[in-house]
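Colleague: Okay, predicted coordinates and the sequence, questions at the end:
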Amino acid sequence: MDLCYSLTTQFGGRTRELCSSSQDVPLVLRRLESCESMSELKRIHARVIRTRALQADNVIGKILRSSALSSTGDLDYARDVLTAVEGFNRCHYNTIIRGFASKRSLEETFSIYCRMLENGLYPDNFSLPFLIKACTESLARSAGKYLHVHAIKIGMDSDIYVKNNLVRMYVVFGELDAAHELFNKMPLRDIITWTTLISGYAKAGYAREAIRLFQEMGDANMVADEVTVTVVLSSCSALGDLNLGKVLHGYVKINRMNVDIFVGNALVNMYLKCGDSGSAYQVFREMPKRNVVSWNSLISGLVDQGDFKAALSLFRRMQQEQIKPDDVTIVAVLNSCSNLGAHELGKWIHVYIQRNSIKADGFIGNALVDMYAKCGSINQALQVFQGMACKDVYSYTAMIVGFAMHGQAKKALSLFHEMLKEGIRPDSVTFIGVLSACSHSGLVDEGRRHFQEMVKLYDLEPQIQHYGCMVDLLGRAGLLEEAEEFIKHMPIESDGFVWGALLGACRIHGKVDMGERILQKVLELEPEDEGGYVLMSNIYSSANRPWDSVKVRKQMKTQKVRKMPGSSLIEVDGIVHEFRAGDESHCKTIEIYMMLEEIISLLEAESGVMLDTKTTSLGVGKGEHLLCSHSERLAIAFGLISTGHGTPLRIVKNLRVCSDCHSVTKKISKLYNREIIVRDRNRFHHFNGGVCSCMDFW
DNA sequence: TCCGGTGCCT
């Protein structure tokens, strides 16, 4: 500060001596060059104003550059200079326009531009691109197009810098055809022209067109740079084109291109989207520099692949390395918690959000609602939802789907009406929530009405999922013939899910003959899926036809059907433990099986009969011992020995809960006085005091 | 002046 002051004083003294002569301009320029603060600059300018001789173009230009373009500058001051000084030239205007275009509103920028025109001056290739850029960023279509016309009129449209910005403007406006037309007319294109257009197609979702243009660019002997590679890699990710992705990676290596943060992140993302997580990890490890986006690419890539445990362990590593997570990280981690039912970690993230004053709105709020709902805390979900200042269609849908999964159809429907009252337009996913709510609670007429309204009032084309919901709704309610007719009259092709829903209804209502017929449909559509066989086997068992049940099992084995192993997750102390049927790999296996023995003997003593083994599960087959070790029972036993009395147990299953486990779990909840919350493939079951929230309707 | 990562689903 003192130094600055003494320099200024010194300079002030010199100026007084020398101010009468234009010979002193170089000295003033040198002083301006070494000037370090805005206040010092203003003092120098004050001296300059006192003597007209010093008001040379380059002196004014330097003052403008410092105040308009430097990060410590003062744009308002620059504008005042413009007002105070006469004889501004084009370069002066260029400087101010550049400053305003990058830091101020479009209106303010254009007011300078208009003054320039009023003074008979036109922008050139130094300022026009910045004006175009300002329009691009403000999405000011008409102003941008006016500039385009103007550029042609003043003959500025041949400049490649101007043209590249025009191409980008049309790209951002979503007018790809206009951008492409301009591109075609350009006599000269550089790598930026090509990349801008390619990126336009890539971002608009036309990945194939982006790749085609990239090949055309190669044919035109244009060499790709890091940015081009990044853009094309993102198109490979969108298409899942691992081969082209590898070619690009090879290209980067051969040309010894700099694997900068963008190329590295795009490579990580590409490998994950193409299912090659090994290569993704390798690129990530070898990256010379990483940022939070690199971590996010890896974490959300793993989430996309369904490897939620890997995503969470990566998040832990990120914290060990003290990388601060951002919004995207938090959304990806919450998403993993939702899928794993990792309630404790989810709550921890919520606290983290509050502690760091991160707003629980938008993406994060929606992800929190979804997390709480899927971790079984529907009331917490509602609390977060109600606390959100801005709720969009995603927020409402997440909450409606949450209520539906918990069997709270009335709340789901009243929230749906509240959403309509707020003027938020439901989308097709909202209706999946609404229809599945009706289905889980047997509200047939409501469901039918909403299905019709979605077409009539909201102009939404029902998708296969909606038809699936309707078949489920009708089938569960016992309207099996109507459900079958409904499938036959569907305007779109049916799939295994739709017929599977009907087969499930046959199981609920014990319809053996119909089941046999429907199974054939399911097998035609999904020959490799075990679901149909399992349901049919259960139908035979319930109908006291064990030999037919065995026959279906054998058939399944000879058809080499892929089996989805049943698994159950339970989180204890923030760690998610996974169990499979008959699993003996857990470090507490002995205690777990001892607990199971205790449960079984207590239950048998209480009921006085052997356990209900009517609905046996397939793929177990090793006898009574394994029958009692379905994955969720192992998880429950582990939960009982690992947590204190009264702690609710939260289990997440990847399949539907079988009726045997359902009745056992009800009894356990009463016997051990524990709330047990089970999320199966379809919905939640809250077991408490011997009853389940689904009222045995599932 | 061109570039990378995010949510609701039978």
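Modeller: Sure, I can see it.

Colleague: same for the helix or strand hosting A:A404, what does it pack against?
Modeller: A:A404 belongs to helix A:393-405 when assigned by DSSP states H and E. Packing partners of helix A:393-405 (3 or more C-beta pairs under 8 Å, 6 or more residues apart in numbering; DSSP states H and E): helix A:362-374, helix A:378-387, helix A:409-421, helix A:428-441. Just so you know, the C-beta spots here come from the backbone N, C-alpha and C atoms, and that holds for glycine as well.

Colleague: Measure how the first one sits relative to helix A:378-387, angle-wise.
Modeller: Going back to what we said before, that points to helix A:362-374. 160 degrees (axes from the mean of the first three to the mean of the last three C-alpha atoms, to 10 degrees).

Colleague: elements contacting helix A:362-374?
Modeller: Under the contact criterion of 3+ C-beta pairs under 8 Å, 6+ apart, helix A:362-374 touches helix A:327-340, helix A:343-355, helix A:378-387, helix A:393-405.

Colleague: by contact count, what packs against the longest one?
Modeller: In this case it means helix A:327-340. For helix A:327-340, the packing partners by 3+ C-beta pairs under 8 Å, 6+ apart are helix A:292-304, helix A:308-320, helix A:343-355, helix A:362-374.

Colleague: In the stretch 351-500 of chain A, which residue sits closest to DNA strand B?
Modeller: Residue of the stretch 351-500 of chain A nearest DNA strand B, by C-beta to the nearest atom of the strand: A:G468 (2.3 Å).

Colleague: what about that residue, helix or strand, and which?
Modeller: In the assignment (DSSP H and E), A:G468 maps to helix A:464-476.

Colleague: What mean pLDDT does the next helix or strand after that helix get?
Modeller: Remark: after helix A:464-476, the chain's next helix or strand is helix A:480-488, criterion DSSP H and E. In this model, helix A:480-488 has a mean pLDDT of 92.

Colleague: tilt between the helix or strand following helix A:480-488 and helix A:464-476?
Modeller: Sequence-wise, the next helix or strand downstream of helix A:480-488 (DSSP H and E) is helix A:496-508. Per the same axes, to 10 degrees, the angle that helix A:496-508 makes with helix A:464-476 is 10 degrees.

Colleague: circling back to that earlier point, for the helix holding A:G468, list every residue counted as buried.
Modeller: Neighbour-count burial for helix A:464-476, counted by 16 or more other C-beta atoms under 10 Å, picks out A:465-476.

Colleague: export that helix as PDB, just CAs?
Modeller: Taking C-alpha atoms only, helix A:464-476 is exported to PDB below (Å, rounded to 0.1, in the frame of the first residue of the first chain):
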ATOM      1  CA  ILE A 464     -45.500 -50.800 -22.200                       C
ATOM      2  CA  GLN A 465     -45.000 -50.000 -18.500                       C
ATOM      3  CA  HIS A 466     -48.400 -48.400 -18.300                       C
ATOM      4  CA  TYR A 467     -50.000 -51.500 -19.900                       C
ATOM      5  CA  GLY A 468     -48.100 -53.600 -17.400                       C
ATOM      6  CA  CYS A 469     -49.500 -51.600 -14.500                       C
ATOM      7  CA  MET A 470     -53.100 -52.000 -15.900                       C
ATOM      8  CA  VAL A 471     -52.700 -55.700 -16.300                       C
ATOM      9  CA  ASP A 472     -51.400 -56.000 -12.800                       C
ATOM     10  CA  LEU A 473     -54.300 -53.800 -11.500                       C
ATOM     11  CA  LEU A 474     -57.000 -55.900 -13.200                       C
ATOM     12  CA  GLY A 475     -55.300 -59.200 -12.500                       C
ATOM     13  CA  ARG A 476     -54.800 -58.700  -8.800                       C
END
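
Colleague: from the middle of its chain, how far away would it be?
Modeller: Centroid separation for helix A:464-476 versus its chain: 28 Å, with C-alpha atoms, centre = their mean, to the nearest Å.

Colleague: Give me the angle between it and helix A:480-488.
Modeller: 160 degrees.

Colleague: For helix A:464-476, name the packing helices and strands.
Modeller: helix A:428-441, helix A:444-456, helix A:480-488, helix A:496-508.

Colleague: got the contact list for that helix?
Modeller: Applying C-beta atoms under 8 Å, 6 or more residues apart in numbering, the contact partners of helix A:464-476 are A:428, A:431-432, A:435-436, A:438-439, A:442-444, A:447-448, A:451, A:454, A:480, A:482-483, A:486-487, A:490, A:492, A:494-495, A:497-498, A:501-502, A:504-506, A:508, A:697.

Colleague: Which stretch among the helices and strands packed on helix A:327-340 is buried most, on average?
Modeller: Comparing the helices and strands packed on helix A:327-340 by mean neighbour count (mean count of other C-beta atoms under 10 Å), helix A:362-374 ranks first with a mean of 25.

Colleague: for A:S102, what are its contacts?
Modeller: Shown in contact with A:S102 (C-beta under 8 Å, 6+ apart): A:130, A:133-134.

Colleague: picking that back up, as TSV, the helices and strands packed on helix A:464-476 with distance to A:L147 and mean neighbour count would be great.
Modeller: Below are the helices and strands packed on helix A:464-476 laid out as TSV (distance: least, C-beta to C-beta, whole Å; neighbours: other C-beta atoms under 10 Å):
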stretch	distance to A:L147	mean neighbour count
helix A:428-441	40	24
helix A:444-456	44	16
helix A:480-488	57	16
helix A:496-508	53	23
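
Colleague: want to throw those into a markdown table with distance to DNA strand B?
Modeller: What follows is the helices and strands packed on helix A:464-476, written out as a markdown table (distance: least, C-beta to the nearest atom of the strand, whole Å):
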| stretch | distance to DNA strand B |
| --- | --- |
| helix A:428-441 | 4 |
| helix A:444-456 | 11 |
| helix A:480-488 | 11 |
| helix A:496-508 | 3 |
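
Colleague: Let's have the ones you listed in TSV, adding distance to A:V28.
Modeller: Formatted as TSV, these follow (distance: least, C-beta to C-beta, whole Å):
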stretch	distance to A:V28
helix A:428-441	66
helix A:444-456	73
helix A:480-488	86
helix A:496-508	79
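
Colleague: Which residue would be the closest one in the stretch 251-400 of chain A to DNA strand B?
Modeller: With C-beta to the nearest atom of the strand, the shortest gap between the stretch 251-400 of chain A and DNA strand B falls at A:F262, namely 2.8 Å.

Colleague: Just the buried residues of stretch A:44-61, please?
Modeller: A:44-45, A:47-48, A:51, A:54-56, A:59-61.

Colleague: could you give the mean pLDDT of it?
Modeller: For stretch A:44-61, the per-residue pLDDT averages 76.

Colleague: same thing with stretch A:140-148?
Modeller: Per-residue pLDDT values across stretch A:140-148 average out to 92.

Colleague: same check, this time on stretch A:409-428
Modeller: On average, stretch A:409-428 scores 94.

Colleague: What of stretch A:638-650?
Modeller: For stretch A:638-650, the mean pLDDT works out to 92.

Colleague: List every C-alpha atom in it, with coordinates, as PDB.
Modeller: C-alpha atoms of stretch A:638-650 as PDB (Å, rounded to 0.1, in the frame of the first residue of the first chain):
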ATOM      1  CA  PHE A 638     -27.900 -61.000  11.000                       C
ATOM      2  CA  GLY A 639     -29.800 -57.800  11.700                       C
ATOM      3  CA  LEU A 640     -31.300 -59.300  15.000                       C
ATOM      4  CA  ILE A 641     -27.800 -60.200  16.300                       C
ATOM      5  CA  SER A 642     -26.100 -57.000  15.200                       C
ATOM      6  CA  THR A 643     -28.400 -54.300  16.400                       C
ATOM      7  CA  GLY A 644     -29.900 -53.300  19.700                       C
ATOM      8  CA  HIS A 645     -33.500 -54.100  20.800                       C
ATOM      9  CA  GLY A 646     -36.100 -52.000  19.100                       C
ATOM     10  CA  THR A 647     -33.900 -51.000  16.200                       C
ATOM     11  CA  PRO A 648     -35.900 -51.300  12.900                       C
ATOM     12  CA  LEU A 649     -34.400 -53.700  10.400                       C
ATOM     13  CA  ARG A 650     -34.300 -52.600   6.800                       C
END
